[in-house]
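Trainee: compute the structure for the input listed below.
(2 chains)
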Amino acid sequence: MAKTIGLSGDQAAAYAAKQCDVDVVAAYPITPQTIIVEEYSNYVADGEVDSEFICVESEHSAMSACIGASLTGARVFTATASQGLALMHEMLYVASGLRCPIVMCVANRALSAPLNIHCDHSDMMGSRDCGWIQVFAENAQEVYDWIIQSFRFAEDEDVLLPAAVNLDGFTLSHALEDLVVLEDAEVRDFVGVRKPKYWLTPGKPITVGAAVLPDYYMEIKYQQEDALQRSIMKIREVNELFEKASGRRYKAVDTYGLEGAEAAVVCLGSTAGTAKVVSDTLREKGCNVGVVKPWIYRPFPVEEFLDSVKNVKSLAVLERTISFGAPNGPLFNDVLATLYKAGRQVKVFNAVYGLGGRDISPHEMETLMMDAYENIEAEEFDKKVKFIGVRG
Amino acid sequence: MSVLKGWREIPIGGLILEGRTAREYKTGDWRVFKPVIDKEKCIGCLICWIYCPEPAILRVEPKVEVDYDYCKGCGICAQECPVKAISMVEE
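Mentor: Predicted coordinates:
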């Protein structure tokens, strides 16, 4: 029986991990993720979970311990943010390169300097190419639901890759929301018991992490890229199974208000909530501007993305990070490459917003969405990257 | 050299799924110079056998021989030989 409870995004993450029967959690506290590991260590202390909680001295060690645990065949969970993710950077590549299924929550936070504890996506985008499956959640419900689904696809024999579930720092991590949770038994049935293909065990020795020279390195990296690209098929399957278990339907790309819309805004995470509200307001005024929110950012869901924008002539791509010195931000580049390769002529502009936790107001969102709307018919349009709300 | 396998034919993640496979990986072809032992000069002291990092100096009574399958040609044996019985010869 499903029940509704009030949890913050961080608590929802810990609650999901608790229900997924995790064997090992190795983590180091960092704002705004701290509540996740705090909650989880409470579960351990109170005997509510049968997990080994490894207290480590840094995030680099946390990810190292997670990799070791995953290689023994354990189900592994961790969480981090910002500087913590940056410190893990080296080990993120080891986790994916050694094909270790690990589920990690990233409570997105700006990177120093200047020091800032509030939300933007610089942390995950800084490690964008680390070979992990990357999911962005819009609210606490999605955090909960995607963690459960992530264990299922990350540990699948055809995938065997780590997965990061991103939730916007403070906006989601610390805000209480109502969410519908499944019973413990329902979640355990859904995720099952991890059945590793290979694992470290004294009785049957294997070598992990051996040096690979130019003669085989590219083959192994290609295997990894192939597995990540193909994981989208497993993610689709898991989404269908999760709908049967929970009644909630997820896809690689979430869409809203696209009926009759020739313009849309593309964004990740909680910002889509604001965009959806503004989309409704604009529709009442007779301007149809939809919202396209990739739930899955890596692998970039090319098929679903193209399908979602098939009737769209103009897009605003919102970016919560700066790719310093690049012509545009990372999400824009993915969108543009996807459209270009499909031969689509769409007017696209890029806007950077919300760095270091700055709010994007409904008014600012409306301006952006109206810019996209007006570009539908425009002969020419402004291609400069907009920096929303930056004072001159 | 063995025939190189394609990406579908090898274990994922660079894993090696059985033990004791190092012996199949012959490092002799890394070598540029090879150590050649002058059996007349060699006194059988085994200094080279102790110093060889591979180990690619084999004890073959009464003295020693080089295992050219694995010798990478580092030259430590020639450097350490007290009677200069080992010379490094270009391959």
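
Trainee: okay, CA-based contacts and neighbour counts for the rest of this
Mentor: Will do.

Trainee: gap between the residue nearest to the spatial centre of chain B and chain A?
Mentor: Nearest to the mean C-alpha position of chain B, by CA atoms, centre = their mean, lies B:C71 at 1.8 Å. Distance, B:C71 to chain A, using CA to the nearest CA, to the nearest Å: 18 Å.

Trainee: quick check: that residue touching B:V32?
Mentor: No: using CA atoms under 8 Å as the test, B:C71 is too far from B:V32 to be in contact (10.4 Å).

Trainee: what residue is smack in the middle of chain A?
Mentor: Central residue of chain A (CA atoms, centre = their mean): A:V135, 2.3 Å from the mean position.

Trainee: so it sits in a helix?
Mentor: No: using DSSP: H, G, I helix; E, B strand; the rest coil, the assignment for A:V135 is strand, not a helix.

Trainee: tell me the pLDDT of it.
Mentor: A:V135 is assigned a predicted lDDT (pLDDT) of 98.

Trainee: which residues does it contact?
Mentor: Taking CA atoms under 8 Å, 6 or more residues apart in numbering or on different chains, we find A:V135 in contact with A:W146, A:A163, A:A164, A:V165, A:N166, A:W295, A:I296, A:Y297, A:R298.

Trainee: so it bridges to which residues?
Mentor: Note on A:V135: beta-bridge partners by DSSP bridges are A:V165, A:I296.

Trainee: distance of it from A:E157?
Mentor: Separation of A:V135 from A:E157 (CA to CA, to the nearest Å): 20 Å.

Trainee: would you indicate which residues of stretch B:8-21 are buried?
Mentor: By 16 or more other CA atoms under 10 Å in any protein chain shown, the buried positions in stretch B:8-21 come out as B:I10, B:I12, B:G13, B:G14, B:L15, B:I16.

Trainee: give me the contacts around that stretch.
Mentor: A:97-99, A:204-210, A:212, A:220, A:223-224.

Trainee: try stretch A:220-228
Mentor: Residues from elsewhere that reach stretch A:220-228 (CA under 8 Å, 6+ apart): A:96-97, A:99, A:131-133, A:158-161, A:298-299, B:7-8, B:12-14.

Trainee: repeat that for 7 Å
Mentor: A:G97, A:V159, A:P299, B:W7, B:I12, B:G13, B:G14 (CA atoms under 7 Å, 6 or more residues apart in numbering or on different chains).

Trainee: likewise stretch A:296-312?
Mentor: A:133-136, A:228-229, A:232, A:252-253, A:255, A:261-264, A:338.

Trainee: straight-line length of stretch A:314-326, end to end?
Mentor: 22 Å.

Trainee: what's residue 33 in contact with, if anything?
Mentor: Here I'm looking at chain A. A:D10, A:A79, A:T80, A:A81, A:A107, A:S173.

Trainee: correction: the question concerned chain B.
Mentor: B:G73, B:M88, B:V89, B:E90, B:E91.

Trainee: who wins for most neighbours among the residues you listed?
Mentor: Most neighbours among the contacts of B:F33, by other CA atoms under 10 Å in any protein chain shown: B:G73, with 23 neighbours.

Trainee: quick check: it touching B:V36?
Mentor: No: using CA atoms under 7 Å, B:G73 makes no contact with B:V36, being 10.3 Å away.

Trainee: so which residues on chain A come close to chain B?
Mentor: Within chain A, the positions near chain B by CA under 7 Å from any CA of the partner chain are A:G97, A:L98, A:R99, A:P205, A:I206, A:T207, A:V208, A:G209, A:A210, A:E219, A:I220, A:Q223.

Trainee: let's see it at 10 Å
Mentor: A:94-100, A:160, A:198-199, A:204-212, A:215-224, A:226-227 (CA under 10 Å from any CA of the partner chain).

Trainee: still on that earlier bit, ok, so of the contacts of B:F33, who is nearest chain A?
Mentor: B:G73 (18.8 Å; CA to the nearest CA).

Trainee: quick one: the closest one and B:G44, what's the gap?
Mentor: Applying CA to CA to B:G73 and B:G44 gives a distance of 20 Å.

Trainee: part of a strand, is A:M365?
Mentor: No: counting by three-state DSSP, A:M365 is located in no strand; its state is helix.

Trainee: just give me the neighbour total for it.
Mentor: Residues within reach of A:M365, counting by other CA under 10 Å, total 22.

Trainee: list the buried residues for the biggest helix by length in chain A?
Mentor: Using DSSP state H, we find that the single longest helix of chain A is helix A:217-246. Along helix A:217-246, these residues count as buried under the neighbour rule (16+ other CA under 10 Å): A:219-221, A:223-225, A:227-229, A:231-235, A:238-242, A:246.

Trainee: for residue 80, what are its contacts?
Mentor: Since you didn't name a chain, this refers to chain A. Counting by CA atoms under 10 Å, 6 or more residues apart in numbering or on different chains, A:T80 touches A:27-34, A:36-37, A:59, A:62-63, A:86-88, A:104-109, A:123, A:164, A:166.

Trainee: look at chain B instead
Mentor: Counting by CA under 10 Å, 6+ apart, B:E80 touches B:I47, B:C48, B:I50, B:Y51, B:C52, B:I86.
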